[in-house]
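Trainee: the sequence isn't on hand, but the structure is:
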């Protein structure tokens with residue numbers, strides 16, 4: 001079992017930056033793939049980014065490429081999502097997820113956090 005807790009969300013103006021953190025407990029994340037998803041009101045959960053356990057592989061959703069960066073600190077069981085050049089359309093509840101499969105599909109992730117809200121004002 002893996003428990004995940006996100007933090008770092010908040011209100012930011014368009015063009016600003018935020019760094020989301022996800023703290024894992026219950027097992028080491030050094031052998032598990034980690035990802036970020038988001039869900040805006042009235043919309044389906046959307047893939048944002050995934051990083052392999054080794055950090056050698058990453059996938060980003062097209063709209064965040066070049067603006068967001070996923071990273072991890074296996075020693076401290078944490079992953080991060082650095083978000084730059086934020087846009088109002090990035091406003092959503094952001095979730096951290098962990099799974100055995102390296103994929104962008106939400107259904108493949110076994111463990112989920114409760115989410116942290118990101119609001120970008122225009």
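Mentor: Cool, got the structure. Remember, it's a predicted structure, so these values are computed and weren't measured experimentally. Numbering: from 1, shown residues only.
Trainee: can you tell me how far the residue nearest the centre of the chain sits from residue 122?
Mentor: Taking CA atoms, centre = their mean, the centroid of the chain lies closest to residue 36, which sits 2.4 Å from it. From residue 36 across to residue 122, the span is 23 Å (CB to CB, to the nearest Å). To be clear about C-beta, it is placed using only N, CA and C from the backbone, and glycine gets the same treatment.
Trainee: ok, now residue 100?
Mentor: In terms of CB to CB, residue 100 sits 39 Å off from residue 122.
Trainee: likewise residue 24?
Mentor: 34 Å.
Trainee: pick out whichever of those two has more residues nearby.
Mentor: Applying other CB atoms under 10 Å to residue 24 and residue 122 shows that residue 24 carries more neighbours, namely 23 against 9.
Trainee: how far does the helix or strand hosting residue 119 sit from its chain's centre?
Mentor: According to DSSP states H and E, residue 119 maps onto strand 116-121. Here strand 116-121 shows a centroid-to-chain-centroid distance of 13 Å under the convention CA atoms, centre = their mean, to the nearest Å.
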